[in-house]
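Enquirer: Below: sequence and its predicted model.
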Amino acid sequence: VFGSSREFSSPEQFFQTLSKFGEKLSAADYLDAESLNKLMQKEDRLLTQIFNRVSNELDAMGAVSKRAFRQVADRFLGTQKSQEIRVDPKILKRSLKEETRAEELFQSKGDNTSARASLNQTPRPVFEAHTVEEALKQNMTAFADDVFSSLGIELHQASSSSTQRRYGKKGHITVNLKTGSWIDFKDSDMSGGPLHILTKLKGLSFKEAVEYGASWAGLTPEKIKFTPVVSQKLVLVQDGGQENKDKIAKAQALWNKGQSIEGTLAEKYLREHRKIEGDLSKDLRYLPSFYDRASQTKHPCLMATARNPEGQITAVQITFLDSETGKKASLDVAKKSFGILKGSTVTLQNNELGPLFIAEGVETALSLKSAGVEGTIQASLGLSNIKQLSPQKPETPIVICADHDEPESPAAKGLEKSVRILQEKGVHVTVIKPEKLNQDFNDVLKEKGPQGVREILQKSLPDHSFQNQAAQENPFDKIRLICEKQLYDYLKSENRDITQKLKNRIALQSEKAADFIWHQHQESPTPEETKLFLLRAKYELDRIPEIRKDLIEEWKDEGEFKKKDALLAHMIAERQASIEGRLYFEAKKAGKEPSTQIPELAEKELEKHRAQEKGLTESFSKKYSLSENAATQCAKDILRYKETHGKNPSQKQITTLAQIARDLEKLYFYKAKETATDIYLRRQEGDLLFRQMSNSDKFPVFHDLSKIQTQAKVSLDHISTQITRDLQRMMQKQNKMEMGL
């Protein structure tokens, strides 16, 4: 009789279940192979050959015809023909070995004792766990293949070798065939020895795992009489002392092969592809070449060393790089660790005055450093290692900057467990994640720069200060954070619920206000000044969609909308709202009530500037040797500056705008007729470059054009979504009016 130990943990439970759910078992379950073979000989000659080769009755039963099966059922159980018992052949094939093992636990081969008698009279032999593990290690390849195949986890042949087996689509599970140890790199809590494969992956209790393993290995009390209980080698492995020392020595030897990271492919990987800024830790090195056995290729590597609390090197992690591009190599497993990681970290910044910031990966931890956080920054190099860490001082809080994984994923659950363990130790723990699912803080850094990382941290740590160095590198972000903090403080005082929609609005309003302040050359605005600029930003953000909607409806009424573009309407709305916002701000600053005629005044000013555009274009073309297209863009930018700030730009600023127009012309090969998208992207990129270059004499900055282009595209996507939504609403409203609703 076959049954899983998870279903039948005791003989009593087995018979109780059997009596209640007999219809789930087959008649063939009560037969040994020989009896079943004899019974079936008359029905199908082919079955004779099958049963001679296959000892597992259930697998053989999958080949039995319905007619033959019904004869067996009627004879032994009185099962009616109307009752059909279905067994999935795929499940039978996958669980073949497990069922064979289960049968052997109840009855030895060749023993004709009935199942019930065997259960009642013969106690199961008890084996020592280390004896079973040692036996499994002797045939670890077959054991691992059996277990993982029964779980539906395929062997990853490409990355397997004579010393290790890898399983899963990308080979994320590794089994050491010599030691029997294994680990799942997707969740390092899933690791251990041969018996842990059964307890952690198959869900067996430890006792059940020992029995299962003993059965699989074919152990009997007679066989182990002459087997040493514990070999010297096993003692060494269990103790772990010498083995751990050897692993650490190997990691240290690897570290010594590295060289300074400056000017190497590893620095290129961090700077260009990961957008890391600032100094790099001495615990990061470059390894020119490392042979990867899994892919059988050599690669240059970024090396990071992990140290224990005493400062000793205990582990090294390498990241394989593409030798040509400097990107992370396209391998199934692009990172490898050596040594003993437990309780050790890569320290990328040491500052006991602030919190202890912990990130899982080196790139994520460096992203925090790029953002200028005050405190110690460490990379745990694995989710399961976080619970082993602790600050130097008990009162120091821990801030875990985690990846935003799926809520029910093993990674998310592992993080919750680590946080719980740290809190039980009395540590104050805060967990901060990026807002988007499946993002980490390096994704945020690449998309939004250091200010994007600070923005997220500031929401959870409003009182945290950032290093002056980072603010000096990008002083605009400092102003932006001042604006954002003032908005959050106000909303907090009003007990407002901070929704995601409101967070997005706060980010837009803060950046717009910071832009006004920046071009006023104010580094540290007063709270009252900041409030006025924030009010102006709010006014303009409210007016842009209103003006845009009016323009689109006007064009539709005139039959001109198809010839134009909704994005063009948006750009016109931005210019008019900018003039209105300036007039609104000037009235507020003077302590007056804003005029109700502001929209009309703004329209007149915009028309006046359009009339001036042609003359300015001709002037700039001659004065700055610009092409007609570049001169046109420069003229529009100067007029937009005047609309925003109420005055002409300085001569130096005009020269800067001319240079930007010249540079962008090289990127945008102007067509006979540009699309609205081309115009919008060029305008956004020009504005971002002008922001950076306008104070470059005081705050020198590196112009990362790729980052600027990314920001412009993000802005375009945001605006396009708004426009699409508004057009849908307008269409719905029009349909209702036509239907008389």
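Expert: Good, I have the coordinates.
Enquirer: Tell me who's in contact with Ile432.
Expert: Listed by C-beta atoms under 8 Å, 6 or more residues apart in numbering, the contact set of Ile432 reads Val399, Ile400, Cys401, Ala402, Ile456, Leu457, Ser460, Leu461. Every residue, glycine included, has its C-beta placed from N, CA and C.
Enquirer: Buried residues, whichever strand in the chain runs longest. List them.
Expert: With secondary structure taken from DSSP state E, the chain has its longest strand at strand 297-307. If you call a residue buried by 16 or more other C-beta atoms under 10 Å, then strand 297-307 has these buried ones: His299, Pro300, Cys301, Leu302, Met303, Ala304, Thr305, Ala306, Arg307.
Enquirer: tell me which element the closest residue to the fifth one other than its chain neighbours is part of?
Expert: Of all residues not flanking Met303 in the chain, Arg285 sits nearest, at 4.4 Å (C-beta to C-beta, 6 or more residues apart in numbering). Per DSSP states H and E, Arg285 falls inside strand 284-292.
Enquirer: of the contacts of Ile432, buried ones?
Expert: For the contacts of Ile432, a neighbour count by 16+ other C-beta under 10 Å gives the buried set as Val399, Ile400, Cys401, Ala402, Ile456, Leu457, Leu461.
Enquirer: Please verify my assumption that the last one contacts Pro397.
Expert: It refers to Leu461. No. Contact between Leu461 and Pro397 fails when scored by C-beta atoms under 8 Å: they sit 9.5 Å apart.
Enquirer: Quick check: neighbours shared by the two?
Expert: Residues touching both Leu461 and Pro397 by C-beta under 8 Å, 6+ apart: Pro355, Thr430.
Enquirer: Report the residue ranges of every domain in the protein.
Expert: Annotated domains of the chain cover 11-121, 129-239, 256-477, 501-726 [automatic domain parsing].
Enquirer: Tabulate the ones you listed in a markdown table, adding columns for mean pLDDT and distance to Gln732.
Expert: Formatted as a markdown table, the domains of the chain follow (pLDDT from 0 to 100; distance: least, C-beta to C-beta, whole Å):
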| stretch | mean pLDDT | distance to Gln732 |
| --- | --- | --- |
| domain 11-121 | 45 | 50 |
| domain 129-239 | 76 | 45 |
| domain 256-477 | 87 | 29 |
| domain 501-726 | 88 | 11 |
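Enquirer: ok, back up a step: contacting residues for the residue nearest to Met303?
Expert: Trp255, Gly258, Gln259, Ser260, Ile261, Ala266, Leu302, Met303, Thr305.
Enquirer: hey, what's the closest residue to the third one other than its chain neighbours bridged with?
Expert: What sits nearest to Gln259 in space, not counting adjacent residues and going by C-beta to C-beta, 6+ apart, is Tyr286, at 5.4 Å. For Tyr286, the beta-bridge partners under DSSP bridges are Gln259, Leu302.
Enquirer: Quote the end-to-end distance of stretch 162-176.
Expert: Separation of the first and last residues of stretch 162-176 by C-alpha to C-alpha, to the nearest Å is 10 Å.
Enquirer: which other residues reach that stretch?
Expert: Residues from elsewhere that reach stretch 162-176, judged by C-beta under 8 Å, 6+ apart: 140-141, 144-145, 148, 153-156, 158-160, 177-178, 181-186, 294, 332-333.
Enquirer: Regarding this protein, what is its longest helix?
Expert: Determined from DSSP state H, the single longest helix within the chain is helix 705-738.
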